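Novice: Would you be able to build a 3D model of this:
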Amino acid sequence: MTDSRDDADRIFIRSKWGTSRYVYNPHNPVGRALIIGSLLFAVGGMYLLYHPGLLSGSNDWDGDELRSAVTAATAELSSEAQFGPGTINYEDILQARIAEKGHSSQDALTVTLASDPPDSDVLNGGAEQADYTVTADGTDTAFCLEVYAMRRKQAMGYDFVTTSIGDGACPAS
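Specialist: So this is what the prediction gives:
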């Protein structure tokens, strides 16, 4: 049987709380370091959980990064055909999807409606069309997204959504 003098050289000891599991030994310098390290790791993980922007490199976008993010996001939205220009806050949906596909901050990305707001008629369905200008901090690159969608009659979603991407800001309408 071991006594407390033998526990000083062990990194792990049996718990004295009635269970037979092993715990870090606070009397051993390595065990004490593991206890402190575990606590610091948990605190750091919780901090990063609530501050995810710390791991992203920069808030500024690069022109090529913006181009590839816009292309990937619009292709994904078109294939899903779940959201279209008549959807409430479609600019926010576009912005979130583009930021998802890029490596820079969503806060540095701007998507603005450049045309008249599209008419959306859920009961009768029909065509919806709108133009959106996409810009980002850190680059002079801008894109004009011309979104055309056909809404299903009395249903959620769209029959199809197509997006054409043009270089430069959309012309004022």
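Novice: so how far is Ser68 from the residue lying closest to Glu65 once chain neighbours are set aside?
Specialist: Computed as CB to CB, 6 or more residues apart in numbering, the closest residue to Glu65 that is not its neighbour in sequence is Gly102, at 5.4 Å. Just so you know, the C-beta spots here come from the backbone N, C-alpha and C atoms, and that holds for glycine as well. In this view, Gly102 and Ser68 are 8 Å apart by CB to CB, to the nearest Å.
Novice: Over to Ser38?
Specialist: 40 Å.
Novice: same question, Asp92
Specialist: Taken as CB to CB, the span from Asp92 to Ser68 is 21 Å.
Novice: which secondary element of this protein has the worst mean pLDDT?
Specialist: helix 4-7 (a mean of 63; mean pLDDT, DSSP states H and E).
Novice: Can you give me the pLDDT of the residue nearest the centre of the chain?
Specialist: Taking CA atoms, centre = their mean, the centroid of the chain lies closest to Glu100, which sits 4.6 Å from it. Predicted confidence (pLDDT) for Glu100: 87.
Novice: which residues does Asp107 contact?
Specialist: With contacts taken as CB atoms under 8 Å, 6 or more residues apart in numbering, Asp107 has the following neighbours: Asn59.
Novice: ok so, going back, any idea which helix or strand comes after the least confident helix or strand of the chain?
Specialist: strand 12-14 (DSSP states H and E).
Novice: name the helices or strands packed onto the helix or strand following that next one?
Specialist: Remark: after strand 12-14, the chain's next helix or strand is strand 22-24, criterion DSSP H and E. For strand 22-24, the elements it packs on are strand 12-14, helix 29-50, judged by 3 or more CB pairs under 8 Å, 6 or more residues apart in numbering; DSSP states H and E.
Novice: Of all the residues in the shortest one, which ones are buried?
Specialist: Neighbour-count burial for strand 12-14, with 16 or more other CB atoms under 10 Å as criterion, is recorded at Ile13.
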